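**Student:** my questions concern the predicted model and sequence given below.
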Amino acid sequence: MWNDLRKDLKFYRYYFKEFLLFSILQLLIVLAFQGSLNNLLIIIPLVLIINFSAIVYLAKKRRKELAEVESIINNIRNNQYDHPDEIILSENLSALEQAIKQMFIKSKNDIEYMRKLQRVRSEFIANVSHELRTPIFAIQGYIETLLNGAIDDSRVNKTFLEKAAHHTNNLSNLLNDLINISMIESGEMQMSFRYFDLAPYINSIIEEMKYLADEKNITLTVSSVRDGLQVFGDKERLKQVLINLIQNAIKYTEKGGVKIVVEEEKKFVTIRVKDTGIGIPEDQLGRIFERFYRVDKARSRAVGGTGLGLSIVKHIVEAHDSRVEVKSTVGVGSEFSFKLKK
Ligand code: ADP
């Protein structure tokens, strides 16, 4: 009990100024009403004792409340709670209880988010290392075989060099996509939005990509686009989107063709990239936008894929307040589309 009183008194010193102020005020009031200094020797100690008792009582109450809060904070720090409802304070502290609960929920969510971020980062690093290893080991293998004598074997030397070149190309695609991903992550991928003419823009992209379709003997066409039709967006980034979608369409199509369709609506223009390729199984449509996700890893690598293209496409299209839609039927073909503001 003495111990408690000592603690209360120690705590009470924080209220010393209030104690003095109240006591002086009360004395002044008594003086004003009484109008004389009679009985002052009784009144002064009485006021001091009453005020002192009141302050000690309040200090004790406050100390208990603070001890309650301190114990809750310690419990949170020591991860003793799984659920906010386990945090209970006295009734007079209910507002504080609510605030602590909200803080608890927020920090729990923040920690969960940080953990998830850490997991995603580690997975990303593991994936990058794996993706880098494949072409580097292949290039290393072909060069060593050539150096060990195959260079003089006219039956294989050219094939080995071509294979090494193919893997060098994969490596370069991967590095380019990684640079884009890192620009997206760090927020360095700045967009510059303006209106531009769609028809010449799409035609020049088709011209650039035509040789890829020709190499595979498939067609690459575009539906007619109204002259003077203007859309709003970042020309350079959207070119990256279209090249990626057209490249994919060509990569995963063996016969038939790829068609770019432009549909004009009141406020929007929809751009569709349609192919008659291998298609994507329905249960995997939701995953193809994930980094490094491929329906068929070997096939993607064989055609120079990195598994990063669609995640970059998704990011750029979403930065235009739009979204990429995909429809696909295995063995029939796929269609990727997105809208742009007119
Ligand atoms: P990749 O570099 O492997 O093509 P993407 O991120 O561009 O990576 O695409 C992810 C995966 O989605 C591809 O590996 C492929 O399996 C599938 N895919 C993308 N576009 C098409 C398409 N037009 N037709 C069929 N499959 C596609």
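**Tutor:** Received the coordinates, thanks.
**Student:** C-alpha from now on. contacts and neighbour counts both.
**Tutor:** Noted.
**Student:** next, count neighbours for the nearest residue in space to Val324 that is not next to it in sequence.
**Tutor:** Excluding its sequence neighbours, the residue lying closest to Val324 (C-alpha to C-alpha, 6 or more residues apart in numbering) is Phe338, at 4.9 Å. Residues near Phe338, counting by other C-alpha atoms under 10 Å, number 19.
**Student:** residue contacts, Phe338?
**Tutor:** Residues in contact with Phe338 (C-alpha atoms under 8 Å, 6 or more residues apart in numbering) are Thr270, Ile271, Arg272, Val317, Ser322, Arg323, Val324, Glu325.
**Student:** switch to 10 Å and redo it
**Tutor:** Neighbouring residues of Phe338 by C-alpha atoms under 10 Å, 6 or more residues apart in numbering: 268-273, 314, 317-318, 320, 322-326.
**Student:** restricted to buried residues, select these in PyMOL.
**Tutor:** The PyMOL selection below is limited to those of the contacts of Phe338 classed as buried (16 or more other C-alpha atoms under 10 Å):
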select buried, resi 269+271+272+273+314+317+320+323+324+326
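**Student:** just the ones of the contacts of Phe338 in helices?
**Tutor:** Among these, the members found in helices (DSSP state H) are Lys314, Val317, Glu318.
**Student:** any idea of the pLDDT on the last one?
**Tutor:** Model confidence at Glu318, expressed as pLDDT, equals 95.
**Student:** contact partners for it?
**Tutor:** By C-alpha under 10 Å, 6+ apart, the residues touching Glu318 are Ile312, Val324, Phe338.
**Student:** possible to save these as CSV with distance to His83?
**Tutor:** Compiled in CSV, the contacts of Glu318 are given as follows (distance: C-alpha to C-alpha, whole Å):
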residue, distance to His83
Ile312, 38
Val324, 38
Phe338, 42
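**Student:** just the residues you listed now: which is nearest Asn109?
**Tutor:** The closest of those to Asn109 turns out to be Ile312 (C-alpha to C-alpha; 27.2 Å).
**Student:** number of nearby residues for the closest one?
**Tutor:** Around Ile312 there are 23 residues (other C-alpha under 10 Å).
**Student:** what about the helices in the stretch 151-300 of the chain?
**Tutor:** Assigned by DSSP state H, counting those that start in this stretch, the stretch 151-300 of the chain shows helices spanning 157-185, 198-215, 235-251, 297-302.
**Student:** circling back to that earlier point, export the ones in helices among the contacts of Phe338 as a markdown table, with columns for distance to the ligand.
**Tutor:** Shown next, in a markdown table, are these (distance: C-alpha to the nearest ligand atom, whole Å):
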| residue | distance to the ligand |
| --- | --- |
| Lys314 | 9 |
| Val317 | 14 |
| Glu318 | 15 |
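**Student:** what's the distance between Asn157 and the ligand?
**Tutor:** 28 Å (C-alpha to the nearest ligand atom, to the nearest Å).
**Student:** and which of the ones in helices among the contacts of Phe338 is nearest to Leu20?
**Tutor:** Glu318 (65.0 Å).
**Student:** Ala319 reaches Met191, doesn't it?
**Tutor:** Yes: contact between Ala319 and Met191 holds when scored by C-alpha atoms under 10 Å: they sit 8.1 Å apart.
**Student:** near the ligand, which residues of the stretch 201-342 of the chain show up?
**Tutor:** 248-249, 252, 277-280, 288, 293-296, 300, 305-311, 334 (C-alpha under 6 Å from any ligand atom).
**Student:** just the buried subset of those, please.
**Tutor:** 248-249, 252, 277-280, 288, 293-295, 300, 305-311, 334.
**Student:** which helix or which strand is home to the residue in the stretch 1-150 of the chain that the ligand sits nearest to?
**Tutor:** Distances between the stretch 1-150 of the chain and the ligand by C-alpha to the nearest ligand atom are smallest at Glu131, namely 11.4 Å. Using DSSP states H and E, Glu131 sits within helix 94-147.
**Student:** on that earlier part again, joint contacts of Ala319 and Met191?
**Tutor:** Common neighbours of Ala319 and Met191 (C-alpha under 10 Å, 6+ apart) are Gly233, Asp234, Arg237.
**Student:** next, count neighbours for the first one.
**Tutor:** For Gly233, the number of neighbouring residues by other C-alpha under 10 Å comes to 21.
**Student:** tell me the pLDDT of it.
**Tutor:** 97.
**Student:** thinking again about what came up before, let me know the closest of the contacts of Phe338 to the ligand.
**Tutor:** Val273 (8.2 Å).
**Student:** pretty sure the closest one sits against Ala249.
**Tutor:** Yes: assessed by C-alpha under 10 Å, Val273 is found in contact with Ala249 at 7.5 Å.
**Student:** overlap in contacts of those two?
**Tutor:** Common neighbours of Val273 and Ala249 (C-alpha under 10 Å, 6+ apart) are Val258, Lys259, Ser334, Glu335, Phe336.
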